[in-house]
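[1] need a structure here:
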Amino acid sequence: MFKIIEHTADIGIEAYGKTLEEAFENAAKGMFSIMTGGGKIESKVMKEIEVPFDMDEEQLLVDWLSELLYIHDVEHLVFGEFDVKIGKEKLTGRAYGEEYDVKKHGYGMEIKAVTYHMLEVKKDKKGYVVRCLFDI
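    The predicted model follows:
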């Protein structure tokens, strides 16, 4: 689904999916895995998310992950499951999770921001690969 990428002062993910939507879902799973140290996250809360899409898939990835990071920072929620639909004008997504509890979820790395460094969205024979680094 995803793998962690180590980089000088950052950390990132490379996520895979048969569709672009699945790759975005897996990128979000990877981001929260970094933040929680891989702790189990139950689907107790659902948040609906809309992100405008202007046909730039790389910008859409940054906006999607940044919105999830914002919700985490403001509402102290972590997410483990996602449902993403990408239309012509926007991404609509649902994120399922719960309130962050260090005893339950563990402590990973604090992500400050989603960056544009090494950002990539590409399609190959197997589907999609997305790559993104985070400022920690």
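[2] Quick check: bridge partners of residue 114?
    Beta-bridge partners recorded for residue 114 (DSSP bridges): residue 134.
[3] and it, what is it in contact with?
    Shown in contact with residue 114 (CB atoms under 8 Å, 6 or more residues apart in numbering): 62, 65, 66, 69, 132, 134, 135. All C-beta atoms are positioned from the backbone trio N, CA, C, and that covers glycine.
[4] Buried only: go through these for me.
    The neighbour count (16 or more other CB atoms under 10 Å) marks 62, 65, 69, 132, 134 as buried among the contacts of residue 114.
[5] which one among the residues you listed gets closest to residue 25?
    Lowest distance from residue 25 to those (CB to CB) belongs to residue 65, with 11.3 Å.
[6] Just say helix, strand or coil for the closest one.
    helix (DSSP: H, G, I helix; E, B strand; the rest coil).
[7] Residue 33 now?
    Going by three-state DSSP: residue 33 is helix.
[8] Just the pLDDT at the nearest residue to residue 107 once chain neighbours are set aside, thanks.
    In space, and not counting its chain neighbours, residue 107 is closest to residue 37: 5.8 Å by CB to CB, 6 or more residues apart in numbering. pLDDT recorded at residue 37 is 83.
[9] tell me the contacts of residue 37?
    Taking CB under 8 Å, 6+ apart as the criterion, residue 37 is in contact with 105, 106, 107, 108.
[10] Could you tell me which of the residues you listed belong to helices?
    residue 105 (DSSP state H).
[11] Just give me the closest of the contacts of residue 37 to residue 57.
    Once CB to CB is applied, the member of the contacts of residue 37 that ends up nearest residue 57 is residue 108, at 26.6 Å.
[12] Just the C-alpha atoms of the helix or strand containing residue 16, please, in CSV.
    According to DSSP states H and E, residue 16 maps onto strand 10-17. What follows is strand 10-17, C-alpha atoms only, in CSV (Å, rounded to 0.1, in the frame of the first residue of the first chain):
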residue,chain,number,x,y,z
ASP,A,10,12.3,15.0,6.3
ILE,A,11,10.3,11.8,6.0
GLY,A,12,7.9,10.8,3.3
ILE,A,13,5.8,8.2,1.7
GLU,A,14,5.4,6.5,-1.6
ALA,A,15,1.9,5.1,-2.0
TYR,A,16,0.4,2.8,-4.6
GLY,A,17,-3.1,2.1,-5.9
